[in-house]
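**Student:** Pasting the sequence and the predicted coordinates here, then a few questions.
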Amino acid sequence: TQLLEQSPQFLSIQEGENLTVYCNSSSVFSSLQWYRQEPGEGPVLLVTVVTGGEVKKLKRLTFQFGDARKDSSLHITAAQPGDTGLYLCAGKPSGTYKYIFGTGTRLKVLA
Amino acid sequence: EAGVAQSPRYKIIEKRQSVAFWCNPISGHATLYWYQQILGQGPKLLIQFQNNGVVDDSQLPKDRFSAERLKGVDSTLKIQPAKLEDSAVYLCASSPSAGGGVTEQYFGPGTRLTVT
């Protein structure tokens, strides 16, 4: 069974701090996505990365795909209360057609 | 553009009862997914449809769960009989297509099921 481990599982920080969330696997992925999910809602896609070593920026969020396409990170600069939510990575293992979701990181940003 | 619609939003049933969830995907989306998300975990794919055909149902507990997508549009997921461990949020998602390339999934708000 392919597994995507995320760390940390929980994170509570003050507004203005920086943080990094990690997504790791032993599998190689053809693409990897990051989602944010707020209470009572479905996940919303933030970004898709497809190339090893790729870095994408979305305002204060920076996403990186590992060189070997087995891992990824999400870095948030100057976190805001609106960043609070469950962050999920989802990878599509090479040669397959479906995404597998990670275990999730629950982030709380305190004002 | 209307998003993915799901109903009901909440359901409470007793164990051994049956329950059904409904999903209407984004218009024109060929692929429809049902996920189970247990509290505090990531979603787990139960079944994937391409139009009205099943692409993957390897993680669907077929002794109690069933799903159909008649006419390749909306879909229903049924549980009969329910067990306590079925308590979860059931998410429906759709995408324009599925395959080896990048797939962007659009999720509905989910149905929160509590089995007592």
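**Tutor:** Structure received. What you are looking at is a predicted structure, and each value in this text was computed from that prediction instead of being measured.
**Student:** Roughly how far does the residue lying closest to A:Asn18 once chain neighbours are set aside sit from chain B?
**Tutor:** Once flanking residues are discounted, A:Asn18 sits nearest to A:Thr77: 5.3 Å by C-beta to C-beta, 6 or more residues apart in numbering or on different chains. In short, each C-beta sits where N, CA and C put it, glycine included. Per C-beta to the nearest C-beta, to the nearest Å, A:Thr77 is found 25 Å from chain B.
**Student:** burial measure for A:Thr77, as a count.
**Tutor:** Per other C-beta atoms under 10 Å in any protein chain shown, the neighbour tally for A:Thr77 reads 13.
**Student:** which non-adjacent residue is nearest residue 17?
**Tutor:** You didn't say which chain, so I picked chain A. A:Ala79 (5.6 Å).
**Student:** think we crossed wires, I meant chain B
**Tutor:** Nearest one to B:Gln17, counting by C-beta to C-beta, 6+ apart, is B:Ala82 at 5.7 Å.
**Student:** Secondary structure class of that neighbour, three-state.
**Tutor:** Secondary structure, DSSP: H, G, I helix; E, B strand; the rest coil: B:Ala82 is coil.
**Student:** which residues does the residue nearest to A:Asn18 contact?
**Tutor:** A:18, A:60-62 (C-beta atoms under 8 Å, 6 or more residues apart in numbering or on different chains).
**Student:** Kindly report the residues of chain A close to chain B.
**Tutor:** The interface of chain A toward chain B, taken as C-beta under 8 Å from any C-beta of the partner chain, is made up of A:4, A:6, A:30-31, A:40-45, A:48, A:50, A:88, A:90, A:92, A:97-104, A:106.
**Student:** Give the helix, strand or coil label for the residue nearest to A:Glu17.
**Tutor:** Three-state call for A:Ala79 (three-state DSSP): coil.
**Student:** residues near it, how many?
**Tutor:** Neighbour number of A:Ala79 under other C-beta under 10 Å is 22.
**Student:** Kindly provide the distance from it to chain B.
**Tutor:** On the measure of C-beta to the nearest C-beta, A:Ala79 and chain B end up 21 Å apart.
**Student:** Quick check: pLDDT value at that residue.
**Tutor:** Note on A:Ala79: pLDDT of 97.
**Student:** what bridges to B:Arg34?
**Tutor:** Quick fix: residue B:34 is Trp, not Arg. On the basis of DSSP bridges, B:Trp34 is bridged to B:Ile47, B:Cys92.
**Student:** Please verify my assumption that it contacts B:Lys44.
**Tutor:** No - with contact defined as C-beta atoms under 8 Å, B:Trp34 does not reach B:Lys44; the gap is 9.9 Å.
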